[in-house]
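Peer 1: Below is the structure, and that's it, no one-letter string:
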């Protein structure tokens, strides 16, 4: 089972995501690709510095965390990419409900 958590700020904007766990290859590959693509797009398509967001993953799989920092939260492009990530992960949950769970929480 893969458990994904979408993190929202006080304005209800998606500012982060954490995924943990393993599942069938197609589900793991889908979730990993969405997270990797979002991180790559934030790096290459926004004017943010690496210090403006946190990207941590386990090279062996099973864990990926992408969190926008305070500067990045005010960046429209980064927030749009995070919203697109949320939509993609929600789709995985719809197609593979026994393998992928998505929940949301407020940022601290």
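Peer 2: In hand now; what should we look at? For clarity, every value in this text was computed on a predicted model and none was experimentally measured.
Peer 1: Now for residue 75, how many residues are close by?
Peer 2: Using other CB atoms under 10 Å, residue 75 is surrounded by 19 other residues. In short, each C-beta sits where N, CA and C put it, glycine included.
Peer 1: Same check on residue 16?
Peer 2: 22.
Peer 1: just residue 46 next, same as before
Peer 2: For residue 46, the count of nearby residues is 18 (other CB under 10 Å).
Peer 1: Can you give me every residue that contacts it?
Peer 2: 72, 75, 77-78, 81 (CB atoms under 8 Å, 6 or more residues apart in numbering).
Peer 1: Which helix or strand contains residue 16?
Peer 2: Assigned by DSSP states H and E, residue 16 belongs to strand 14-21.
Peer 1: Tell me the gap between stretch 83-93 and the middle of its chain.
Peer 2: 9 Å (CA atoms, centre = their mean, to the nearest Å).
Peer 1: Ok, stretch 5-14 next?
Peer 2: 11 Å.
Peer 1: hmm, who's touching that stretch?
Peer 2: With CB under 8 Å, 6+ apart as the criterion, stretch 5-14 contacts 15-19, 67, 73, 79, 82-83, 85-86, 89, 102-107.
Peer 1: Pull out the buried residues from those residues.
Peer 2: Buried by 16 or more other CB atoms under 10 Å: 15-19, 67, 73, 79, 82, 85-86, 89, 102, out of the contacts of stretch 5-14.
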